[in-house]
Structures are given as structure tokens and as C-alpha cells.
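Novice: Build the 3D model from these lines:
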Amino acid sequence: NTVQGLGAAETAQRDLMHTYAASYGQELFTLRLPAAAPFLFNGLKICTTLALIGAIVAEFFGSPTEGMGFRISTEVGRLALDMVWAEIAVAALVGSAFYGAVALVERAVTFWHPSQRGR
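Specialist: Numbers count the residues shown, from 1 in each chain. I've put the predicted structure just below:
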């Protein structure tokens, strides 16, 4: 997403930066990174939830004694489905909290972007 966002700056804006003889660093920090910020935050929101899922699945298959994935696999074997659903609920809440934290930071950092103005 970030690489796609770095190319999101319009050609006319990049040409204007070249007209003003802006260096690559000036163009990067004043034009390309601000244009890429919404793309960067979209990628962060996606990866926070997927990283949590990946960690739980890795614990499910690889952890010998601890972790949410180990607890889920152990409790399924014991038929303690209430504990399994509790672990799933905790994982959903933690994933939502991570997503919400990134969304709050996004709102604070990209307040100028049209996608944030209507809120």
C-alpha cells in the first residue's frame, strides 16, 4: 500500500515541485509521504489484525505450553467450548482495539485528507 501511495501524487503536483527546483528529499517529505499516508494507514489497519491472527495460528501449531492458540487447541480437546469461545472473544476484542488505535492515529495524522474531513 505504501509503494502504491508514494505514486499517488498527481503528475501536475510533481511537475510543480520540479519547477520550484525541489530536491528529492523535499519532494518526498512535502508531497509524496503526505499523499501516501492514507495508503500507509490502510496497510497498517489490515496488518494489525492479520498479525494477531497469524500469531494465534502459529501458537496453535507450534507452541508446546502457552499462548492463545495452544489454549484453544487444548480446550477443544477437553471439549471446554466455553473457554474456546472466550479465547476467540478476547482475540476479537484485542484485534478491534489494535485496529481502533491505528484508526485514531490515522485520524490525528491525516486530518487534512478528504476521507477524514466528513467525520
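
Novice: Could you find the closest non-adjacent residue to the residue nearest to the spatial centre of the chain?
Specialist: Nearest to the mean C-alpha position of the chain, by Cα atoms, centre = their mean, lies residue 44 at 1.8 Å. Among residues not flanking residue 44 along the chain, residue 102 sits closest, at 4.9 Å (Cβ to Cβ, 6 or more residues apart in numbering). C-beta coordinates here come from the backbone N, C-alpha and C atoms, glycine included.

Novice: So that neighbour is in contact with residue 46, correct?
Specialist: No - taking contacts as Cβ atoms under 8 Å, residue 102 lies outside contact range of residue 46: 9.5 Å.

Novice: So for these two, which residue has more residues nearby?
Specialist: In this view residue 102 and residue 46 are compared by other Cβ atoms under 10 Å, and residue 102 has more residues nearby, 19 against 13.

Novice: Return the set of buried residues in the helix or strand containing the more buried one.
Specialist: Using DSSP states H and E, residue 102 sits in helix 81-109. Within helix 81-109, the residues scored as buried using 16 or more other Cβ atoms under 10 Å are 84, 87, 91, 95, 98, 99, 102, 106.

Novice: any idea which of those residues is closest to residue 11?
Specialist: residue 106 (26.0 Å; Cβ to Cβ).

Novice: how near is that closest one to residue 32?
Specialist: Separation of residue 106 from residue 32 (Cβ to Cβ, to the nearest Å): 18 Å.

Novice: Same question for residue 91.
Specialist: Distance of residue 91 to residue 32, given as Cβ to Cβ: 36 Å.
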